[in-house]
Every structure is written in structure tokens, then in C-alpha cells.
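Trainee: Coordinates for the following, if possible.
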Amino acid sequence: MVGDGLESFPRLGSHPTLRSEEFGTMAMSRDAATAFRRFGLGAKPGDLKRISGDPRGYVRGALTGSAATLSTSQGLEPSHVVFAAAQAAQQEKQLGKALAKDAAQKAAAPAMAETDPMVAAAAPPKGSAAGAPAAAAPIARPNQIRRDALLEEQAARVAHAIATDTPFAERWVMFWSNHFCVSHQKGPVRGIAGAYEREAIRPHAFGRFADMLRAVEQHPAMLIYLDNQISLGPNSQAGRNRGRGLNENLAREILELHTLGVDGGYTQEDVTNLARIITGWSVGNLNQPQTEAGKFFFAQNRHEPGAWTVAGKRYEDEGRRTGQKVLDDLAWHPATARHVARKLAQHFVSDRAPASLIATLEQTFRKSDGDLLALAKALINAPEAWSVEPKKIVPPYDFVVALARGFDLKTKPGELVRLAGVLGQPLWQVPAPKGWPDTDDAWMGPSAIRERLRIAEKSAREVAPGVDPRVLAEELLGPTMSNDTRQAVARAETREQGLELIAMAPEFLRR
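Mentor: Prediction:
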């Protein structure tokens, strides 16, 4: 039987940070809750009251500098360092196998000597230094190097998301990281997926779209993920010698996903021509002394010569520079402005975001030449972004981060990464180049909801004993909380059940 739950909870007045009577007079606008749900990663206890005087100003505060987007870089290796270390370990592993094979062949020599007197006479005495087998050298493990780097990057990213007081900046980075996504399932990308976000996304998050576009398309993680390092111009020196040709993966995704959009008016000829232009965009490795392992380099002998037309503009062959010119023009293309505006409105507001909001974002992008700081300000300042009812289901990664923030969990970041994976969203492991789905109900499957409930139950048991779920619900959900949710939490039979109800409330699951 469901009781009033009072016997299961500590008295309201015992809450360490907020007395129950304060709720009756506390002026807390709905915008405060929206600031942390729609524009952030969930509130912590006390957050709504702290920013209630100027919620929109609080969100704008994340735009005052780029430091907020760079805070996960401390103590983490650059991508080229991890790449080179893993490649060196791979070479060591191969050498170790060769040495082991050679040692095995030499070990067979005594057996040969027993049947061949000439070999026996030439063989050194048993136990002599010359006949002793060499000690096996330890073999480095390239996969372990990549895995360790990935785990460190993931832990740093989650720890920052939980601790940050500029969550909009982190959400903004997460949007662009998904827009320009890579997957660590692709070979060497495993060790550099996190560094890719730090090196190509974060430094440009509030800069120019054109600069970010250049950075991501020339980063080794993207080049490897979409196979451009194996693309050869059919008429290049390498193409003629090896009998291989173009790989169009990167060119296609640049046009379809990163810039113009699927309805941006490009053709298959545009894809092929762009693939020709960016042949030679490759990644240095230890087997090429003239390159720096793990860094972008332009391989002239792989580059397809000639002048080519992309999106109605003809480009003369200038080697590496040609591709950069194409990217710059695509960054400023009207179709790119429209595509980015729609994606931003869908991500932060709704699948059916007001046309006026999309138009505002598109115009801002075009008038500012892709200034992402101006674009972020336009989103935050748009009245429509604050007035649309919350319909979007919070994705799994955001859900576990919101739980950690709101419930003040001491769970290790690596465990939260694992839980996000259990819910279907492993960090930096997208199912396809288009990234994670961003529709309103993309994460609403029955099995996914059951897993969220299981995680909510586990999290409820880890909340500090002095926390009253009735007080916590007010602190995290504020005036967005419905009477049904408020009553359900108050009538919960146990403290843990009350906390579970907060985590599974519509106001916690939607933004």
C-alpha cells in the first residue's frame, strides 16, 4: 500500500542546504529550470535558486570566453603522441614475432646436429653463452595503448561535464562533436577520438565555422574514420603504380552531413570531384621518414591532378590548398547556413522548432560569416527557444550526467561512461557518420526505459542519507514539476523510491 511516505524520510527541516518553508516564498522562474535542462546538463541542488534572478544571463555567461570549452585538456596526450606510440608498439610486436620465429628455428639446430656430424661439430657446447637462448623482450601492446588513452579521455570528458558551471558551453561542444562525429571502433581512431574533440572541436566551438571545418576534415581521426588516407587519384603517381583509385567517403560526408546537407543541391559529380581534390590528404606514420607520425600531411604523389568543379565553382589545382578553398566556400554557402540552423533548432528545442527560430539562426550564420559565438547568442536570446514545451527525450549520456549532477553521485566517470553505453550511447562510438539520432523520441524504446529505471534504482541507493527526495525534487525541477510528480514523490513508500521517481519523472527525462 502506498502511504504518505513521511515515516521513510528525514524531516524537511533537516535538509542541509534548504529549509522547507523557503519553498513557499522562493521566486523561481521556469526559465531557471529551462536553463539547466534545455541549455545545460541538469541542475545541481541549489542551482535553480542561485540563477533565478537572471537565468538567460546565466546561460549567456558561458560565452564570455573559450576557456570553458578547453577544460578537459589537462594531462592528456596529443593525438599524434598516442598515434605514434601505438604504431611503435605495433612495430615492436611485429619484430618480436620475427625474433621468436628465428629463435624457434635456431632451437631446432640441436636436433639437426644429432643426425648430421658436420653440424654437430660446428655447434657450440651445451650451456655455453653462444648456445643460450636470448631472453624474450617484452612486447608492447598497441591496442592497450589506444584503450588506455580512450578511457582517460572519456573519464576527463565526463568529469568535466559533471563539474562544469558553464554547461551550455559543454552542450555546445557536444552538438558539434556529434555533427562532425568519428567512431573509436575504426582502428587507430580508438586512441585519438577524445583528442580529436579536444583538438578540432573545442578550440573552435565559439570561433568561425570555417576554421572548425578545416580542423575536423584535416584531423587524422576524421581522415582515418572515413578512409581518406587510402584514397588515391587514379592518375596520380601512386594511383598508376598501385592500380587503386578514389575513396569518396569523406567527400560525401563533407557535403551531405558537414556542410550543405542532404537537400543542399549537390550532385554525385560534386562528390567525385571533391574526392579528387582531397586525394593526398593523409596521415603521417613511422614508415614515412618525411612525415610526422599521427599528424596531417599532404602526399603529392597520391593527389589527382587537374581542375575540378564543386557546387558550381571551378577550382584550379593548387595541391593541398585547393581542398582548403573548397571547404571555405562550403562553409559560407547559404545551404550550409540553412542546414546548421535546422540542426541547432532541432537539437536544442524541438523537431518542430518554430520557423522563426530557424530563420533567425540561418540569418545570423550568414550575416556573421559563420561566427559560432554570434550563433550561440542568437539561440540563447531567441524567445522561441525558451517558450516551446519540453518534448525531447534526454539522451543516455546526458541522462547519466544529469543524475550525477542532480543526485551528487560519487560514481567514477568511467562507470558513467559504461552506463551510457548500456543505455545505447557509448561515448565516441556513433553507429554511422551521421552521428547519434536527435529526434524528439529517439531514445524512448521500452527496453531503454527499463534500463533507465534500473540505473535510477542503483543511483538512488548511492544518494547521501540526509537528502529528502521531496526537497530534492523542488531543487532540481522547480516550477516545471507537475502536481502529479510532486504527489508521486511525496507518497513514495521509501526514500529510495522517491528518488527513483525524480529520475524517471517526465520533467527530468525531457527538455
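
Trainee: by contact count, what packs against the longest helix belonging to the chain?
Mentor: Longest helix in the chain by number of residues (criterion: DSSP state H): helix 79-107. When contacts are defined as 3 or more C-beta pairs under 8 Å, 6 or more residues apart in numbering; DSSP states H and E, helix 79-107 sits against helix 142-163, helix 189-196, helix 220-225. For the C-beta atoms, the positions are set from N, CA and C on the backbone; glycine is no exception.

Trainee: Export these as JSON lines, with columns for mean pLDDT, mean neighbour count and distance to Met444.
Mentor: Output for these, formatted as JSON lines (pLDDT from 0 to 100; neighbours: other C-beta atoms under 10 Å; distance: least, C-beta to C-beta, whole Å):
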{"stretch": "helix 142-163", "mean pLDDT": "97", "mean neighbour count": "20", "distance to Met444": "23"}
{"stretch": "helix 189-196", "mean pLDDT": "98", "mean neighbour count": "27", "distance to Met444": "27"}
{"stretch": "helix 220-225", "mean pLDDT": "98", "mean neighbour count": "26", "distance to Met444": "29"}
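
Trainee: Could you tell me the angle between the longest helix of the chain and helix 189-196?
Mentor: Computed by axes from the mean of the first three to the mean of the last three C-alpha atoms, to 10 degrees, the angle separating helix 79-107 from helix 189-196 equals 160 degrees.

Trainee: that older thread, would you list the helices and strands packed on helix 79-107 in TSV and tack on distance to Leu427?
Mentor: Converted to TSV, those look like this (distance: least, C-beta to C-beta, whole Å):
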stretch	distance to Leu427
helix 142-163	5
helix 189-196	8
helix 220-225	14
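
Trainee: Identify whichever of those lies nearest to Leu255.
Mentor: Of all the helices and strands packed on helix 79-107, helix 220-225 sits nearest to Leu255, with 14.4 Å by C-beta to C-beta.

Trainee: ok now the helix or strand that that closest one is followed by, how far from the chain's centre?
Mentor: Remark: after helix 220-225, the chain's next helix or strand is helix 237-242, criterion DSSP states H and E. The chain centroid and the centroid of helix 237-242 are separated by 36 Å under C-alpha atoms, centre = their mean, to the nearest Å.

Trainee: how about the helices and strands packed on helix 79-107, which one is nearest Glu415?
Mentor: Closest of those to Glu415 is helix 142-163, at 9.3 Å (criterion: C-beta to C-beta).

Trainee: Distance of Leu246 relative to Ile277?
Mentor: Taking C-beta to C-beta, to the nearest Å as the measure, Leu246 falls 11 Å from Ile277.

Trainee: show me where the chain has strands.
Mentor: With strands called from DSSP state E, the chain shows them at 281-283, 296-298, 308-310, 313-315.

Trainee: what does the second one contact?
Mentor: Residues external to strand 296-298 that are found in contact with it (C-beta atoms under 8 Å, 6 or more residues apart in numbering): 218-220, 223, 280-284, 291, 319-320.

Trainee: Most neighbours out of these, which is it?
Mentor: The most crowded member of the contacts of strand 296-298, judged by other C-beta atoms under 10 Å, is Pro220 (28 neighbours).

Trainee: thought Asp398 was touching Leu41?
Mentor: Yes: Asp398 is within contact range of Leu41, at 6.1 Å (criterion: C-beta atoms under 8 Å).

Trainee: So which of these two has more stuff around it?
Mentor: Higher neighbour count among Asp398 and Leu41: Leu41, with 25 against 22, using other C-beta under 10 Å.

Trainee: Look up phi and psi at His219.
Mentor: Per-residue torsions, His219: phi -80, psi 140 (degrees, to the nearest 10).

Trainee: Distance check, it against Arg491.
Mentor: On the measure of C-beta to C-beta, His219 and Arg491 end up 53 Å apart.

Trainee: what about Val463, how many neighbours?
Mentor: The number of residues packed near Val463 is 20, by other C-beta under 10 Å.

Trainee: For it, which residues are in contact?
Mentor: Residues near Val463 by C-beta under 8 Å, 6+ apart: 407-409, 499.

Trainee: export the residues you listed to TSV and tack on pLDDT and neighbour count?
Mentor: Formatted as TSV, these follow (pLDDT from 0 to 100; neighbours: other C-beta atoms under 10 Å):
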residue	pLDDT	neighbour count
Phe407	98	24
Asp408	98	15
Leu409	97	18
Leu499	98	27
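
Trainee: care to break this protein down by domain?
Mentor: 6-64+392-509, 74-99+140-205, 334-387 (automatic domain parsing).

Trainee: Tell me which of those lies nearest to Asp328.
Mentor: Using C-beta to C-beta, these put domain 334-387 closest to Asp328, at 9.8 Å.

Trainee: Please state the mean pLDDT value computed over the closest one.
Mentor: For domain 334-387, the mean pLDDT works out to 98.

Trainee: Over to stretch 455-472?
Mentor: Stretch 455-472 comes out at a mean pLDDT of 97.

Trainee: if we can go back for a sec, tilt between the longest helix of the chain and helix 142-163?
Mentor: Using the same axes, to 10 degrees: helix 79-107 against helix 142-163 is 150 degrees.

Trainee: Can you list the buried residues in helix 79-107?
Mentor: 79-87, 89-90, 92 (16 or more other C-beta atoms under 10 Å).

Trainee: with these in mind, which one is nearest to Ala161?
Mentor: When these are ranked by distance to Ala161 (C-beta to C-beta), Ser79 comes first, at 20.8 Å.

Trainee: The closest one is in contact with Leu223, isn't it?
Mentor: No: counting by C-beta under 8 Å, Ser79 stays clear of Leu223, with 11.4 Å between them.

Trainee: list residues touching both of the two?
Mentor: Among the neighbours of Ser79, none is also in contact with Leu223 (C-beta under 8 Å, 6+ apart).

Trainee: returning to that earlier point: can I get the buried residues of helix 79-107 in CSV with pLDDT and distance to Thr360?
Mentor: Formatted as CSV, the buried residues of helix 79-107 follow (pLDDT from 0 to 100; distance: C-beta to C-beta, whole Å):
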residue, pLDDT, distance to Thr360
Ser79, 97, 36
His80, 97, 40
Val81, 97, 42
Val82, 97, 41
Phe83, 97, 41
Ala84, 96, 45
Ala85, 96, 47
Ala86, 96, 45
Gln87, 94, 47
Ala89, 94, 51
Gln90, 90, 50
Glu92, 86, 56
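
Trainee: ranges for the helices of the stretch 401-511 of the chain?
Mentor: Using DSSP state H, counting those that start in this stretch, the helices of the stretch 401-511 of the chain run over 413-422, 446-460, 469-477, 483-490, 495-503, 506-509.

Trainee: Of those helices, which stretch is the most buried?
Mentor: Mean neighbour count, computed with mean count of other C-beta atoms under 10 Å, is highest for helix 469-477 among those, reaching a mean of 24.

Trainee: Name the residues that touch it?
Mentor: 9, 12, 15, 18, 20, 23, 33, 42-43, 45-49, 406-407, 481, 485-486, 489-490, 492, 495, 498-499, 501-502, 505, 507-508.

Trainee: one step back: nearest to Pro55, of the helices of the stretch 401-511 of the chain?
Mentor: Minimum separation from Pro55 across those (C-beta to C-beta) falls at helix 469-477, 14.4 Å.

Trainee: Could you check how far the closest one is from the centre of its chain?
Mentor: Helix 469-477 has its C-alpha centroid displaced from the chain centroid by 30 Å (C-alpha atoms, centre = their mean).

Trainee: Can you check what angle separates it from helix 495-503?
Mentor: 20 degrees.

Trainee: relative to helix 446-460, how tilted is helix 469-477?
Mentor: Using the same axes, to 10 degrees: helix 469-477 against helix 446-460 is 120 degrees.

Trainee: Helix 469-477 vs helix 483-490, what angle?
Mentor: Using the same axes, to 10 degrees, helix 469-477 lies at 140 degrees relative to helix 483-490.

Trainee: Roughly how far does Gln91 sit from Ala293?
Mentor: Taking C-beta to C-beta as the measure, Gln91 falls 11 Å from Ala293.
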